[in-house]
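Undergrad: below is the sequence, then the predicted model.
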Amino acid sequence: MAITSDMFSRCCVEIDLDALKNNIREIRRVTSPSADVMAVVKADAYGHGAVIAAKTLLENGANHLCVATIDEAIELRDAGIDAKILILGFTSTKRFDDVVKYDIDQAVYSYETAKLLSDAAVKANKNVNVHIKLDTGMGRIGFSTEPDSGSVEDIVNISKLPNIVTYGVFSHFAVADENDDDYTRAQFERFTSQIEELKKQGVTFTKRHICNSAGIMRFPEMHLDMVRAGIILYGLMPPGCPAPVKPINLIPVMSWYAKVIHEKKVPAGTSISYGRHFKADAPTRVFTVSIGYADGFSRHLSNGTFELEVCGYRLPIIGNVCMDMCMLDGSKMPEDIKVEPESNVLIFGRNKSADELASYLGTINYEITCLVGKRVQRIYLEDGKHSVLLN
């Protein structure tokens, strides 16, 4: 069932939960049977709605969840989700009481912060799971895997802290979505070597995980105990990623729509929008559309060649994108095509990928879905029926 203009007020994204179900099942199919799947639902599930995405993913093959912040984790707990949730990076030590209270797994990459987390756990008389983060070549956060760095000693000491459970160990590939396989394999070697050294010191882990979306598809021998699925959950490929080892049928989950809110014919010489950067060189059919940069529709799209789809015709943006509106040049549309008031305008969707918009803006599809604004209505599609859910 297609989105119709009477389903939303000015602009919306359709979130296809059936596509999301397909994608997690496909990821489960191509993942090693011995490896759990951790679903990445940070940044409001890349703009798709964290709570409903998390519930759907857990019901269809995901085993664990991961987020970026303590507040993202608490949102899931408050929604009744009791699966393991890992915070992938930094949490202020001032929030460690919440990490313990809400039974959240925490990434750890220094002894000092682990000690403070231990103190919080002891005070609450509870255990807390930590995942030791190793820096194998990303250069962001993590214990060094360089020889003589002192990391092994620090991690051994963390494992001995009271009420700390060294549940997991992980790292992150830097270029698994590129052809630099030597670097990826070197990262994996650093990762497994450090784990082996820790094992000699009596430190073992329930879950070892290093594969991101590209790693899942390209390096099945590296799946270990768990993989972390991110962008592929939402039906998009990491940009430029080489072909997967096993074919995988991913379906884009998000489609973005706005409306035609005004149509007029302007004479030659008429300027359009702020700054008067567009002037019609002939009589021009102009459509005003209910989307702007406050919705996450970048002002960098102003007066360019990127096209939105109206009644099956792709029409370029003219003039500056405004906070709440933008304008399209209807010259490509035959004059006899009547556009009804509040007709749908497609920004991207299943047949007009978010990658097209990302490429035009010189960015990646991850950023495009994450930037869709909070005021953009979310409409969920499941089993052929649409619903608006508060999540």
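TA: All right, it came through fine. Since the structure is predicted, the reported quantities are computational estimates derived from the model, not experimental observations.
Undergrad: C-alpha only now, for contacts and for neighbours.
TA: Fine.
Undergrad: quick check: longest strand in this structure by residues?
TA: Criterion DSSP state E: the longest strand present in the chain is strand 254-266.
Undergrad: partners of the helix or strand that that one is followed by, with directions?
TA: Using DSSP states H and E, the helix or strand that follows strand 254-266 in sequence is strand 271-272. Within its sheet, and counting by DSSP bridges, strand 271-272 is paired with strand 278-279 (antiparallel).
Undergrad: hey, where'd the strands end up in the stretch 151-300 of the chain?
TA: 164-170, 207-209, 226-229, 254-266, 271-272, 278-279, 284-289 (DSSP state E, counting those that start in this stretch).
Undergrad: would you mind giving the ones you listed as a markdown table with distance to V128 added?
TA: Below are those laid out as a markdown table (distance: least, CA to CA, whole Å):
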| stretch | distance to V128 |
| --- | --- |
| strand 164-170 | 5 |
| strand 207-209 | 15 |
| strand 226-229 | 19 |
| strand 254-266 | 35 |
| strand 271-272 | 59 |
| strand 278-279 | 59 |
| strand 284-289 | 50 |
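Undergrad: packed most tightly, which of those would that be?
TA: strand 226-229 (a mean of 26; mean count of other CA atoms under 10 Å).
Undergrad: who are the packing partners of that one?
TA: strand 36-40, strand 207-209, helix 213-218 (3 or more CA pairs under 8 Å, 6 or more residues apart in numbering; DSSP states H and E).
Undergrad: so what touches that strand?
TA: 27, 31, 35-40, 207-213, 216 (CA atoms under 8 Å, 6 or more residues apart in numbering).
Undergrad: now the most centrally placed residue in the chain. Nearest residue, chain neighbours left out?
TA: Nearest to the geometric centre of the chain sits Y46, at 3.1 Å (CA atoms, centre = their mean). Closest residue to Y46 apart from its sequence neighbours, by CA to CA, 6 or more residues apart in numbering: C370 at 4.8 Å.
Undergrad: now swap in I3 and tell me
TA: Using CA to CA, 6+ apart, the closest residue to I3 is E14 (7.5 Å).
Undergrad: again, but for V245
TA: That would be R218: by CA to CA, 6+ apart, it lies 5.3 Å from V245.
Undergrad: the one you found contacts I248, correct?
TA: No. Between R218 and I248 there is no contact under CA atoms under 8 Å: 11.2 Å.
Undergrad: who's more crowded, the two?
TA: Set side by side, R218 and I248 show more neighbours around R218, with 20 against 15, by other CA atoms under 10 Å.
Undergrad: quick one, domains of the chain?
TA: The record assigns the chain these domain ranges, following automatic domain parsing: 31-234, 254-387.
Undergrad: what about the last one, average pLDDT?
TA: Read that as domain 254-387. In this model, domain 254-387 has a mean pLDDT of 95.
Undergrad: and stretch 187-198, by the same measure?
TA: Mean predicted lDDT for stretch 187-198 stands at 98.
Undergrad: cool, stretch 237-251 as well?
TA: 95.
Undergrad: which parts of this structure are helices?
TA: 17-30, 42-47, 50-59, 70-78, 96-101, 111-124, 151-159, 181-200, 213-218, 354-361, 365-370 (DSSP state H).
Undergrad: what would the helices and strands packed on strand 226-229 look like in a markdown table with mean pLDDT?
TA: Formatted as a markdown table, the helices and strands packed on strand 226-229 follow (pLDDT from 0 to 100):
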| stretch | mean pLDDT |
| --- | --- |
| strand 36-40 | 98 |
| strand 207-209 | 98 |
| helix 213-218 | 98 |
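Undergrad: can you redo those as a markdown table with distance to F170?
TA: Shown next, in a markdown table, are these (distance: least, CA to CA, whole Å):
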| stretch | distance to F170 |
| --- | --- |
| strand 36-40 | 12 |
| strand 207-209 | 5 |
| helix 213-218 | 13 |
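Undergrad: so which of the ones you listed is the most packed in?
TA: Mean neighbour counts for the helices and strands packed on strand 226-229 (mean count of other CA under 10 Å) peak at strand 36-40, with a mean of 26.
Undergrad: listing partners with orientation, what would you give for that strand?
TA: strand 64-67 (parallel), strand 226-229 (parallel).
Undergrad: relative to L86, which of those strands is closest?
TA: strand 64-67 (4.5 Å; CA to CA).
Undergrad: quick one: residues in contact with the closest one.
TA: Against strand 64-67 from outside (CA under 8 Å, 6+ apart): 36-43, 54, 58, 73, 83-88.
Undergrad: go with 6 Å
TA: Outside strand 64-67, the residues within contact range by CA atoms under 6 Å, 6 or more residues apart in numbering are 38-42, 84-87.
Undergrad: and the furthest pair within those residues?
TA: K42 and K84 (14.0 Å).
Undergrad: between these two, who's got more neighbours?
TA: Neighbour count, other CA under 10 Å: between K42 and K84, K42 has more, with 21 against 16.
Undergrad: quick check, pLDDT for that one.
TA: 98.
Undergrad: hmm, it is touching A68, no?
TA: Yes. Counting by CA atoms under 6 Å, K42 touches A68, with 5.4 Å between them.
Undergrad: got the contact list for I85?
TA: 65-66, 104-105.
Undergrad: need those residues in CSV (columns: neighbour count, pLDDT and distance to D98).
TA: Output for those, formatted as CSV (neighbours: other CA atoms under 10 Å; pLDDT from 0 to 100; distance: CA to CA, whole Å):
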residue, neighbour count, pLDDT, distance to D98
L65, 26, 98, 17
C66, 25, 98, 16
I104, 24, 98, 8
D105, 25, 98, 11
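Undergrad: now, among these, which is nearest to L328?
TA: C66 (40.1 Å).
Undergrad: any idea how far E112 is from that closest one?
TA: 23 Å (CA to CA, to the nearest Å).
Undergrad: mind checking how far D225 is from V165?
TA: Relative to V165, and taking CA to CA, D225 is found at 17 Å.
Undergrad: again, but for G312
TA: 56 Å.
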